[in-house]
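Participant: Provided below are the primary sequence and the corresponding predicted coordinates.
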Amino acid sequence: MSRAATTDVLPRVHLALIAAVLVGAGCTTTLDGHPATADSQGLRYHLPAPHIYMAPQSDGSVRAQVKYLPDPNNTYTLNLNSYLTSATFNVETKDGMLTTVSLDTDSTAMSVAGVQAATEIRKAQIAAEQSEEKARKAQEQAKQEAVNNADETARVQREKLALLIDKQKFYTAHPKLNDEKTRLDLELEISQERLKLEQMERRLGLVRATPNGAFNDPGATAIVGKAYGPVLFRVLPVGEGVKLVAVEAQAVLDATAGGPAAAPAVGGLVAHPDRFEIKRADTQHEIVVHFSHPVTVDANASRLVRPSESATAVVIAGNKLKISAASGNTEVMVGLPNTLPPGNYRLDLIVQRDSGERKMVSLRVSWLEN
Amino acid sequence: MIRTTRIALVCALVESIVGCAGYTARPVANAAEDAAADGIRYYEMAPYLLIYADGKGGITSSIEMMPDTSRRMVMDLHAFAAKNNTTLTFVNGVLTTSKFIVDNTVVPASIVGTIKTLGLAAMNNAAMNDPGSGTVRQVPAPYLFKIVIDKDGTRLVGGQGVDGDNNPVTIQVTVTSEAASATSLGGQL
């Protein structure tokens, strides 16, 4: 073929190529998905990071659950590009992870309906913004009310405690005007009210710290104790297998239980000890617990427990505590061993009333070195 | 030469007019490939065996289908002068409408018992939970094994949970006084 013939053909070829590109590119839809960067645009989603969630239960058992959390180290963006055509692209996510991706390039071109849809979308956006603003104001108001209420409750409690302490000072200054039981009762009441105040102040701090002043409120009179929290293990691929790695060390968290701390009223049964603290140097290492009704103590089922943040709790069986087990008595004497390590303990007494009811009464006891 | 060029261009023209649509899925081997790849990322699914002490002296085990984070995939959707109506459904980052889905049926029922036996044998080496140890009990960390099924048979690859320094982890469980007393009193309270 001559050079002239070649030059005749090429323009036609170029035209055909350009036509092909225009036809093709004129109705092209592509989906772009890339790792997300700080400034990249598009719909973001995360890949899941599987975890094993081990949750201790109050009955001593453990519940395991597989949890999928969004992995911030694997974040991607999606963008749809359409040229001279229209397409419907719908992406749904849950907790930041993809649930549905649908692409429909069979839609008609932009139309009046499309414009109307865009208008409706804008209206919905405005309504959503107004709703958010309303919710934000309501949240602020709720928080302020919660803070005010908690603050007022704590203030009243402080005044009540101050009055009781003044009363105690008066009793101490005038011992002839009252008996020992009255003084002990007052001491017990002060102890309880002080505990309530501590909890109220803690509650106030939580109310201030939470966005709307709402939290898992244990109530002003609940016992605040300690309990081990859950453990979260991340599932990591290793070779052809898998490895479980704890995300954090297990934490000890505040927990609550119903009932007053020092003088539990269990089924109408009220108990209070003659003292809460024992010093090793004391000549007597016994606690006398006064009951409102005659009881018989089951020494074998009773025990002294030291709630510990370490792995093992100190537990002393009731039969090593020298519990006076006379039946039908309103006073029970509990002797603590001299070898007891210093610390705070809980005395669990299992008692039986004349009616046959068995109850557990828990008392707090502090063993002091000096 | 000219003939070849003309054929190629005609083919390109025909292909452009006819169009094509669909999706392509392929594995992503490493971070470099991931950075360069274009499309929707997801994980393939794999079977795992989860075993843990229940805190009551027993063992609980289950086969869990979870995403295999070592097998990342990328899917590219496209429509070129053609219609493409595609809906992809994902559950926990796993594409469930793909032919790549692995479901429970990949683990033959007959070997499930064998797998659990293997897992329980591993548990025997650990300190078991003692329900009678007081108000704080200790439960061994759970075990997780990936169930690898290949031409050589079925294997469990994994082990017990550890901390960030690779040390064994023990889970502490606080028993409420109510629960403890209910146990000690035979449920009378």
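Facilitator: That came through, no problem. Just so it is clear, the structure is predicted and the values come from calculations on it, not from any experiment. Numbers count the residues shown, from 1 in each chain, chains lettered A, B, ... in the order given.

Participant: now the chain, which segments are flagged as low pLDDT?
Facilitator: In the absence of a named chain, this looks at chain A. A:1-27, A:82-87, A:105-118, A:120-121, A:210-226, A:254-270, A:307-314, A:325-326, A:370 (pLDDT under 70).

Participant: ah, I was thinking of chain B
Facilitator: B:1-22, B:79-84, B:97-136, B:176-189.

Participant: what's the nearest residue to the residue of chain B found nearest chain A if we skip its chain neighbours?
Facilitator: At 2.8 Å from chain A, B:Val157 is the closest residue in chain B, using Cβ to the nearest Cβ. C-beta here means a position set from N, CA and C on the backbone, and glycine is covered the same way. Once flanking residues are discounted, B:Val157 sits nearest to A:Gly241: 2.8 Å by Cβ to Cβ, 6 or more residues apart in numbering or on different chains.

Participant: and that neighbour, how many neighbours?
Facilitator: When neighbours are counted by other Cβ atoms under 10 Å in any protein chain shown, A:Gly241 registers 19.

Participant: List the contacts of it.
Facilitator: Contacts for A:Gly241 (Cβ atoms under 8 Å, 6 or more residues apart in numbering or on different chains) come out as B:Phe145, B:Lys146, B:Val148, B:Val157, B:Gly158, B:Gly159.

Participant: Could you rerun that using 6 Å?
Facilitator: Residues near A:Gly241 by Cβ atoms under 6 Å, 6 or more residues apart in numbering or on different chains: B:Lys146, B:Val157, B:Gly158.

Participant: Determine the longest strand present in the chain.
Facilitator: This is for chain A. When chain A is scanned for its longest strand (criterion: DSSP state E), the result is strand A:62-83.

Participant: nope, chain B
Facilitator: strand B:59-80.

Participant: Pull out the buried positions in stretch B:34-44.
Facilitator: B:Asp34, B:Ala37, B:Gly39, B:Ile40, B:Arg41, B:Tyr42, B:Tyr43, B:Glu44 (16 or more other Cβ atoms under 10 Å in any protein chain shown).

Participant: ends of it, how far apart?
Facilitator: Start-to-end span of stretch B:34-44 (Cα to Cα, to the nearest Å) is 15 Å.

Participant: So it, near chain A or not?
Facilitator: Yes: using Cβ under 6 Å from any Cβ of the partner chain, a contact is recorded between stretch B:34-44 and chain A, made by B:Ala35, B:Asp38, B:Gly39, B:Ile40, B:Arg41.

Participant: Mind checking which of the buried residues of stretch B:34-44 land in helices?
Facilitator: B:Asp34 (DSSP state H).

Participant: So in terms of bridging, what pairs with the residue in the stretch 101-250 of chain A positioned nearest to chain B?
Facilitator: Proximity of the stretch 101-250 of chain A to chain B (Cβ to the nearest Cβ) peaks at A:Gly241, 2.8 Å away. Going by DSSP bridges, A:Gly241 is paired in beta bridges with A:Val238.

Participant: wait, A:Ser40 sits on A:Thr77?
Facilitator: Yes: at 5.1 Å, A:Ser40 counts as touching A:Thr77 under the criterion of Cβ atoms under 6 Å.

Participant: between those two, who's got more neighbours?
Facilitator: Between A:Ser40 and A:Thr77, A:Thr77 has the larger neighbour count (other Cβ under 10 Å), namely 16 against 13.

Participant: Once you drop chain neighbours, what's closest to the more buried one?
Facilitator: A:Gly42 (3.4 Å).

Participant: ditto for A:Thr100
Facilitator: A:Glu92 (4.2 Å).

Participant: which strands and helices sit next to the host helix or strand of that neighbour?
Facilitator: Using DSSP states H and E, A:Glu92 falls within strand A:88-94. Other elements packing on strand A:88-94 under the criterion 3 or more Cβ pairs under 6 Å, 6 or more residues apart in numbering or on different chains; DSSP states H and E are strand A:97-104.

Participant: what are the ranges of the helices in chain A?
Facilitator: Using DSSP H, helices in chain A cover A:3-25, A:112-173, A:180-209.

Participant: out of these, which comes closest to A:Leu69?
Facilitator: Closest to A:Leu69 of these is helix A:180-209 (Cβ to Cβ; 23.8 Å).

Participant: ok now that closest one, how far from the chain's centre?
Facilitator: Chain-centre distance of helix A:180-209: 24 Å, with Cα atoms, centre = their mean, to the nearest Å.

Participant: Name the residues of that helix that come out as buried.
Facilitator: Quick answer for helix A:180-209 (16+ other Cβ under 10 Å): A:184, A:186-189, A:191-193, A:195-197, A:199-201, A:203-204, A:206-207.

Participant: Surely B:Val28 and B:Arg72 touch.
Facilitator: Yes: if you go by Cβ under 6 Å, B:Val28 and B:Arg72 touch, sitting 4.5 Å apart.

Participant: Between those two, tell me which one has more neighbours.
Facilitator: When B:Val28 and B:Arg72 are compared for neighbours, B:Arg72 comes out ahead with 22 against 17, by other Cβ under 10 Å.

Participant: got the contact list for the more buried one?
Facilitator: B:Val28.
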